[in-house]
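Peer 1: need coordinates for the following:
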Amino acid sequence: MADSAPAAPPSLKKGALVRVNRSAYINSLEAGASDPVPPGYLFEGPGEILAIQGEHAQLRWRLPVPDVWLRLDQLEAMPAP
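Peer 2: Next up is the predicted model:
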């Protein structure tokens, strides 16, 4: 039986810089388990992917905040400067 979990897009791998896609995050299970108003740094980025397990990625921000796990389909690669 084939694994039904979506594979990470090629640009989303360990070490990639990402931000959270607002439309994919709002009304998600993760958003419901977090603060009612999400912090702006989620959508501004960059967050760095520390690890990928299945359809989730562990993210670290360049701020004094805890690492988080989010679904890969909620993330987008940071645009080139």
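
Peer 1: which of the residues in stretch 36-54 are buried?
Peer 2: Across stretch 36-54, burial judged by 16 or more other Cβ atoms under 10 Å covers 42, 45, 47-49, 52. Quick note: C-beta positions are derived from backbone N, CA and C, even for glycine.

Peer 1: ok, now which ones touch the nearest residue to E76 once chain neighbours are set aside?
Peer 2: Using Cβ to Cβ, 6 or more residues apart in numbering and skipping the chain neighbours, the partner closest in space to E76 is N21 (4.9 Å). By Cβ atoms under 8 Å, 6 or more residues apart in numbering, N21 lies in contact with 74-76.

Peer 1: how does it look with 10 Å?
Peer 2: 42-43, 70, 73-76 (Cβ atoms under 10 Å, 6 or more residues apart in numbering).

Peer 1: where does D73 fall, phi/psi-wise?
Peer 2: Dihedral pair for D73: phi -70, psi -10, per degrees, to the nearest 10.

Peer 1: leaving out the residues flanking it, which one is nearest to it?
Peer 2: Nearest one to D73, counting by Cβ to Cβ, 6+ apart, is A24 at 6.0 Å.

Peer 1: how about P46?
Peer 2: Computed as Cβ to Cβ, 6+ apart, the closest residue to P46 that is not its neighbour in sequence is L17, at 3.9 Å.

Peer 1: check R62 too.
Peer 2: Of all residues not flanking R62 in the chain, P46 sits nearest, at 7.1 Å (Cβ to Cβ, 6+ apart).

Peer 1: any buried residues in stretch 56-63, and which?
Peer 2: Applying a neighbour-count criterion of 16+ other Cβ under 10 Å, one finds 56-59, 61 buried in stretch 56-63.

Peer 1: can you select the buried ones among the contacts of N21 for me in PyMOL?
Peer 2: Those of those that count as buried under 16+ other Cβ under 10 Å are selected in PyMOL with:
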select buried, resi 42+70+73+74+75+76
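
Peer 1: of the contacts of N21, just say which sits nearest to A33.
Peer 2: L70 (11.1 Å; Cβ to Cβ).
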